[in-house]
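Trainee: My questions concern the predicted model and sequence given below.
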Amino acid sequence: MQFIDFKKEHFSYDREKKQYLLELFKEGIGYGEIKVLQKQCDTFANIAYEIIHDPERAYILMKSPYDIRVFF
């Protein structure tokens, strides 16, 4: 599995859904399964998130922004 790290600054706020949003293009991450973990210093922890897929993008939605690692 490959991964990409994102900082909380990469998220934008969706006023309609009242959640933070990170947009990923499937061209860069592929069309397989996506897993998200919160980065905590040198370790990673499970976190609550929702993923919405469309044909070209995947959106990660969270209540608060965190530094994360996205596995794909």
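Mentor: Yes, it's here.

Trainee: what pLDDT does the residue nearest to the spatial centre of the chain get?
Mentor: Among the residues of the chain, Ile60 comes closest to the average C-alpha position under CA atoms, centre = their mean, at 4.1 Å. Reported pLDDT at Ile60 in the predicted model: 97.

Trainee: Next, it: secondary structure please.
Mentor: strand (DSSP: H, G, I helix; E, B strand; the rest coil).

Trainee: Please pull out the lowest mean pLDDT helix or strand from this protein.
Mentor: helix 26-29 (a mean of 92; mean pLDDT, DSSP states H and E).

Trainee: Can you show me the CA trace of whatever helix or strand comes next after it as PDB?
Mentor: Where DSSP states H and E defines the elements, the next helix or strand beyond helix 26-29 is strand 35-40. Output of strand 35-40 as PDB, limited to C-alpha atoms (Å, rounded to 0.1, in the frame of the first residue of the first chain):
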ATOM      1  CA  LYS A  35      -7.800   4.200   4.700                       C
ATOM      2  CA  VAL A  36      -7.200   7.300   6.800                       C
ATOM      3  CA  LEU A  37      -5.200   7.500  10.100                       C
ATOM      4  CA  GLN A  38      -4.500  10.500  12.300                       C
ATOM      5  CA  LYS A  39      -0.800  11.300  12.700                       C
ATOM      6  CA  GLN A  40       0.300  11.700  16.300                       C
END
